[in-house]
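Peer 1: Provide a 3D model corresponding to the input given below.
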Amino acid sequence: MLRCLTLGLALLLPCLALAETRDLILVAGQSNAVGFDAYAEELPADARDAQTLFWWRVGDPPPDAFDGTSARQWTHLQFQPRTPAMTGEIAKQTGRQYGNFNPKTKGGFGPEIGLVRTLAARESRPLAVIKTAFSGTSVAGDWNVDQPGSADACYRAMIDEAKAALAAAQAKGITLRPRAFVWVQGESDANTKDAPAYAANLTQMLKRLRADLAAPELIVLLGVNTRFGNGKNPHLPTVIAAQQHVAATLPRARYVDTAGAETLPPSHTHFTAAGTLEIGRRYAEALLELEARPAPAK
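Peer 2: Numbers count the residues shown, from 1 in each chain. From the prediction side, this is the model:
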């Protein structure tokens with residue numbers, strides 16, 4: 001009997017040794033979440049990136065087999081390789097497929113890099129990041145949980161990736177604890193039709209996200225490129241005000257101001273590599289500041 005007990009412990013101990021818990025940060029949105037103009041060649045190396053688990057899917061709508069992915073497996077934090085634009089008959093069949101990180105030779109990265117590096121410099125908590133971002137997408141037309149169908153295709157893809165990633169981590173003995181949701185989006189809703197409904201649409205999406213992830217205390221961080229349109233888009237202030245309103249009314253939410261972060265001329269539609277690292281830092285600082293606040297009395 002003692003021999004059987006010893007054998008049982010020998011089999012169990014390796015499993016116990018592999019068990020761990022990591023904070024989970026989700027990154028989502030449109031092209032500035034993708035990091036469309038943040039060149040991989042301009043990303044400084046950091047050995048600490050290897051300590052963060054990373055799962056990603058980036059593309060343009062609709063979510064499909066042409067997206068760039070981590071092949072539905074966990075790897076370490078890194079830039080994402082270029083996904084070439086579709087042309088000819090494939091482009092006609094799939095719709096808008098202009099690829100990501102073109103014409104960059106290697107690829108690009110989003111705010112996840114600056115965010116994780118900032119957190120790593122301030123704390124020792126192990127992290128995991130799930131990134132699901134699609135260029136040129138709006139909440140009204142691509143992430144809208146109030147209008148199921150093609151209008152919520154990107155949202156459904158995000159939830160599908162998150163659940164697959166959580167299951168894959170669990171199979172490795174890793175428990176992921178949802179900590180924050182980083183949302184970098186709003187430019188595509190800055191138009192006459194969608195801007196007035198942005199606050200309501202975004203609020204519904206965020207509430208649904210917390211429910212679908214069973215994470216009611218998930219911290220929400222919201223931001224948009226405040227220079228989008230190079231000062232000529234009359235609807236961008238409405239989107240900015242909407243994000244500020246949602247952050248003020250939704251518990252455990254914060255608006256992250258991106259003003260002053262470097263953007264690429266002449267259109268200033270996207271952040272540069274330096275700008276993308278900077279907004280990642282700002283999201284991390286906002287997260288830490290919110291977490292440092294005393295919990296509200298119940």
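Peer 1: Return the residues in contact with residue 162.
Peer 2: Counting by C-beta atoms under 8 Å, 6 or more residues apart in numbering, residue 162 makes contact with 26, 130, 132, 213. All C-beta spots, glycine's among them, are computed from the backbone N, C-alpha and C.
Peer 1: Please give the number of neighbouring residues around the residue nearest to residue 145 when sequence neighbours are not counted.
Peer 2: The shortest distance from residue 145 to any non-neighbouring residue, by C-beta to C-beta, 6 or more residues apart in numbering, is to residue 208 (4.4 Å). Residue 208: 16 surrounding residues under other C-beta atoms under 10 Å.
Peer 1: Over to residue 183?
Peer 2: 28.
Peer 1: so it sits right up against residue 223, yeah?
Peer 2: Yes - at 7.1 Å, residue 183 and residue 223 qualify as touching, with contact defined as C-beta atoms under 8 Å.
Peer 1: does residue 177 count as helix, strand or coil?
Peer 2: Here residue 177 is strand, with the state taken from DSSP: H, G, I helix; E, B strand; the rest coil.
Peer 1: Next up, the contacts around it.
Peer 2: Taking C-beta under 8 Å, 6+ apart as the test, what residue 177 contacts is 21-24.
Peer 1: Kindly report the same for residue 236.
Peer 2: By C-beta under 8 Å, 6+ apart, the neighbours of residue 236 are 186-187, 190, 224, 226, 228-229.
Peer 1: quick one, strands of this protein?
Peer 2: 20-29, 53-59, 68-69, 75-76, 80-81, 107-108, 127-134, 174-184, 219-223, 253-255 (DSSP state E).
Peer 1: Just the CA trace of stretch 129-147, in CSV.
Peer 2: The C-alpha atoms that make up stretch 129-147 are tabulated as CSV, following Å, rounded to 0.1, in the frame of the first residue of the first chain:
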residue,chain,number,x,y,z
VAL,A,129,-2.3,38.7,-23.3
ILE,A,130,-5.1,37.8,-25.7
LYS,A,131,-5.2,40.2,-28.7
THR,A,132,-8.1,40.3,-31.1
ALA,A,133,-8.2,43.3,-33.4
PHE,A,134,-9.5,44.1,-36.8
SER,A,135,-8.6,47.2,-38.8
GLY,A,136,-11.3,49.6,-40.1
THR,A,137,-14.0,48.2,-37.8
SER,A,138,-16.8,50.1,-36.0
VAL,A,139,-18.8,49.2,-32.9
ALA,A,140,-21.9,49.9,-34.8
GLY,A,141,-21.1,47.7,-37.8
ASP,A,142,-18.7,45.0,-36.5
TRP,A,143,-18.8,44.7,-32.7
ASN,A,144,-22.5,45.5,-32.0
VAL,A,145,-23.9,42.9,-29.6
ASP,A,146,-27.4,44.5,-30.0
GLN,A,147,-27.4,43.5,-33.7
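Peer 1: Thanks a lot, see you next time.
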